[in-house]
Each structure stands twice: as C-alpha cells, then as structure tokens.
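# predicted coordinates and the sequence they were generated for:
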Amino acid sequence: MDKITTKTSANNSDLQPNHQHYDDSEEKDPKPLVTLIFLVLIASFLAIYLNWNKIPFLSSKITLATVYISSKLYPIEKKISDDLAFPDLSVTIKAIGLIDKDSKNFTLASKFKSTDQIAVKFEVKNTGQKESGDWTFDAELPTKNQYILHSEKQTSLLPGDNIEFTIGFDNIKESGGEILLNLDPKNLIEEKSKENNIAKIKIDNVTF
C-alpha cells in the first residue's frame, strides 16, 4: 500500500504576528462627555432658578394682600318651604373696623393706618320663602394689587336664616377705595330679586 502524505503550507505573512496600530482616541466612549455637559446645564439652570429674584431684569415684586375671613350662622326655628316660591339672598354691611392680627378679634374703627388689617363685617340673609341651596359670593378689596376674593360654596340658607361674615385685609392702596360685595356672582340661583345681592362701602381715611 502506498503511503499517503499531506502537506500543509502557509504564507509567511499568515504566520507573523499582527502588529496593526489602533488609535485610542478614535474609540473613546462619548458618554462621559455627554453626561458632563448635561450636569453643567442642570447646574446652570438651578443657579438661575435659585437667584431669580436677584436678577433685576428677570424679577418682579408683587405684594399680595393677606385676607382673613370668618363666618357665623344664625338659623331660625321656623322653616318655611314652598315649591312655587323662590329664595332671596340679600347682603347688608354691618360695620367696618380692624382685625387684631394675633387674636383675630374685630373692633370698630373709622380711621386706619396703612399697616392695619382693615375689616368689613356683613350679613347675608335668605329673605325668600325657599331654601337657597349652595351659593357663593365675591368680595372686591381695595388692595394695591387688585384683589377679588372668590368664596367657596357656602352653607345653604333656609328661609329666614342669616349668616355673618368678617373679612380682613391689609396692603390697602394709597388712594383708599371701595369694598364691594356680590352674592351669587355667576347668577346660578333663581331668586325673587337680584337687586339686594350687592353692597359696597368706601374706605378713604387711611394714614400712610
């Protein structure tokens, strides 16, 4: 039997180690650089936000009034209800004065200082013959920056019921002004009359 031999050959270049050069700069991961830029942007944003009021052309100073409100319900014993009748909410201003900033007690006054918390006391009564249902009111106050108090929904008043409110506010404007009260400003209640839904009083004796 003939002897079979196998010869394997290879080029010299195939047997030599590969010394190809790689440029490390071409394979750097770009993520760290992107992260650094992101962090710099976040830091800049926080610096601007925290110092917003210190940048004259970006800030504006607005002083809002501090408003205090209290109420007390006076129900009557006899309740009248008629499906064909209507409720009739009326507002009457009872007094103006001051609210003590600590005790929140109301005292009558006719002269005021600019630092006082001026107050108005008023009564809302259902003079109709049907329950009012939920209702609201607006109070326009003479503050330096025009302020209108929009009340939350108030307790339904049965015929003859009345509720007394006291609203105090500060930061009155230098020229004084007018307190204007408006019941059911969105006209959601069908009433016997709307003529008694508004009351107003002037505040002008203020010392600055």
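Arrived safely. Residues are numbered from 1 along each chain as shown.

# list the contacts for Phe137?
Taking C-beta atoms under 8 Å, 6 or more residues apart in numbering as the criterion, Phe137 is in contact with 91, 124, 151, 154, 181-185. From N, CA and C alone the C-beta is placed, and that goes for glycine too.

# same thing but 10 Å
With contacts defined as C-beta atoms under 10 Å, 6 or more residues apart in numbering, Phe137 is in contact with 89, 91, 122, 124, 149-152, 154, 165, 167, 181-185, 197-198.

# just the buried ones out of these, please.
Burial by neighbour count, judged by 16 or more other C-beta atoms under 10 Å, picks out 89, 91, 122, 124, 151, 154, 165, 167, 181-185, 197 from those.

# buried residues, the top strand by length along the chain. List them.
Longest strand in the chain by number of residues (criterion: DSSP state E): strand 89-99. Judged by neighbour count (16+ other C-beta under 10 Å), strand 89-99 contains these buried residues: 89-91, 96-99.

# and for stretch 168-178?
Residues of stretch 168-178 classed as buried: 168-173, 177 (neighbour count, 16+ other C-beta under 10 Å).

# how long is it from one end to the other?
End-to-end span of stretch 168-178 (C-alpha to C-alpha, to the nearest Å): 14 Å.

# how about low-confidence regions in the protein?
For the chain, residues meeting the criterion pLDDT under 70 lie at 1-31, 44-68, 77-84.

# the helices in it, which residues?
Here the chain has its helices, by DSSP state H, at 12-15, 31-50.

# the closest residue to Val206 other than its chain neighbours - how many residues pack around it?
Closest residue to Val206 in three dimensions, ignoring its sequence neighbours and counting by C-beta to C-beta, 6 or more residues apart in numbering: Phe112, at 4.8 Å. Here the number of neighbours of Phe112 (other C-beta atoms under 10 Å) works out to 20.

# change the start of the numbering to 42 and stick with it
I'll keep to 42 as the first residue from here, and by that count the last item is Phe153.

# check contacts around the closest residue to Glu231 other than its chain neighbours.
Leaving aside its sequence neighbours, Glu231 sits nearest to Phe127 (C-beta to C-beta, 6+ apart; 6.1 Å). The neighbourhood of Phe127, defined by C-beta under 10 Å, 6+ apart, consists of 169-171, 173, 230-234.

# can you list the domains in the chain?
The chain resolves into domains spanning 70-99, 108-248 when parsed by automatic domain parsing.

# and the ones you listed, which is most packed in?
Ranked by mean neighbour count under mean count of other C-beta atoms under 10 Å, the domains of the chain are led by domain 108-248, which reaches a mean of 16.

# ranges for the strands of the protein?
With strands called from DSSP E, the chain shows them at 108-115, 130-140, 147-149, 153-154, 159-167, 178-182, 188-191, 203-210, 218-224, 239-244, 247-248.

# what's the closest of those strands to Leu77?
strand 188-191 (47.7 Å; C-beta to C-beta).

# other SSEs contacting the closest one?
With contacts defined as 3 or more C-beta pairs under 10 Å, 6 or more residues apart in numbering; DSSP states H and E, strand 188-191 has these neighbours: strand 108-115, strand 178-182, strand 203-210, strand 218-224.
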